[in-house]
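Chemist: I would like to see how this sequence folds:
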Amino acid sequence: MNYKIDGAGEAIVFIHGLSDSLLYWEFLANNLKKDYQVLRIDLRGHGETERGNNEITIDLLCEDLRNLLDELYIENINLVGFSLGSAVALDFTIRYPQMVSSLVLMSGFYKPDEQSKDILSQFKSALNSSFDEFYDLLFSMSLCSSVIENNREELAFLKKFASQTADMDAYIQSVDACLNFDVEDKLSQIDPPTLILAGKYDEILPLSSQQDLKNNIKNSKLVVFDDVKHNLLVGKNKEKILSILKSFIKKER
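Modeler: Numbering: from 1, shown residues only. Here you go, the predicted structure:
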């Protein structure tokens, strides 16, 4: 399992989304490691972590994280998950509430609704076709058209870079893991302070599902970003999210 750990002090753990890697968190990690111990991981079949022989499920990814934390002797964490990573973060918090000081869900979900099921099925179909088809579909769903138009060269580079290490079967299994994820009946058990960050125009996991999270997790707060879709860490929102995270963790500490 590939991971990167920087800094010292109270631990913040970051879990990326589908087809991403720990590099997704570079900006936040570089700005938080001065004050915290920052741990970033590559999920199974993502980045530099091997897929392994077991079928990928949210429960398995959750246990991978628990095993790593045990190896690193980290007993208490602030947990941040994006998209697929939010499901892992939710599952972990439900299983090991004593280990989680605070929870941050970015573009999160507790189960896929009908719209999300349809989008995830489209991802699976695209993955069975080609990486290019999947990546183009993912970008169109995750980023506003203006962001795509203004960053075409950078996005083309990222696409080429990502294609070199892409594990298509792992991504397909991860989509299935999302389709089979459902912790609706356990949300009331979540006790740590929870921050939910959502994009107003999210097409993959619509704002309504983020509002449902807010309504079902008792000690939670929802922040909606007006100018983004699924991927929140773009443009000026990077600084905004950094500031929000710092304030939230400091307050809950």
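
Chemist: What distance do you get for the spatially most central residue of the chain to residue 19?
Modeler: Closest to where the C-alpha atoms of the chain average out (C-alpha atoms, centre = their mean) is residue 82, at 1.8 Å. Here the criterion is C-beta to C-beta, to the nearest Å. By it, residue 82 lies 12 Å from residue 19. Yep, even glycine has a C-beta here, placed from its N, CA and C like the rest.

Chemist: Please apply the same query to residue 205.
Modeler: Taking C-beta to C-beta as the measure, residue 205 and residue 19 are separated by 15 Å.

Chemist: quick check, residue 218 in a helix?
Modeler: No - residue assignment for residue 218, taken from DSSP: H, G, I helix; E, B strand; the rest coil, gives coil, which places it outside any helix.

Chemist: Number of residues surrounding residue 237?
Modeler: Summarising burial for residue 237: neighbours were counted as other C-beta atoms under 10 Å, giving 17.

Chemist: Then residue 103?
Modeler: Applying other C-beta under 10 Å, we find 28 residues neighbouring residue 103.

Chemist: Quickly find the element holding it.
Modeler: Using DSSP states H and E, residue 103 sits within strand 100-106.

Chemist: Dump the C-alpha coordinates for that strand into CSV.
Modeler: Once side chains and other backbone atoms are set aside, the C-alpha atoms of strand 100-106 remain, and they are given as CSV (Å, rounded to 0.1, in the frame of the first residue of the first chain):
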residue,chain,number,x,y,z
VAL,A,100,-12.1,9.6,14.4
SER,A,101,-12.0,13.1,15.9
SER,A,102,-13.7,14.8,13.0
LEU,A,103,-15.0,13.9,9.6
VAL,A,104,-15.0,15.8,6.3
LEU,A,105,-17.0,14.5,3.3
MET,A,106,-16.3,16.2,0.0
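
Chemist: Quick one: mean pLDDT over it.
Modeler: In this model, strand 100-106 has an average pLDDT of 98.

Chemist: in it, what's buried?
Modeler: By neighbour count, with 16 or more other C-beta atoms under 10 Å as the criterion, the buried positions of strand 100-106 are 100-106.

Chemist: Check stretch 113-132 too.
Modeler: Counting neighbours by 16+ other C-beta under 10 Å, one finds that the buried residues in stretch 113-132 are 116, 119-120, 122-124, 126-127, 131.

Chemist: Is the closest residue to residue 237 other than its chain neighbours bridged to anything, and to what?
Modeler: Using C-beta to C-beta, 6 or more residues apart in numbering and skipping residues adjacent in sequence, the residue nearest residue 237 is residue 225, 5.8 Å away. Residue 225 has the following beta-bridge partners by DSSP bridges: residue 199.

Chemist: distance of residue 225 from residue 143?
Modeler: Per C-beta to C-beta, residue 225 is found 13 Å from residue 143.

Chemist: Return the distance of stretch 13-24 from the chain's centre.
Modeler: The chain centroid and the centroid of stretch 13-24 are separated by 6 Å, computed with C-alpha atoms, centre = their mean, to the nearest Å.
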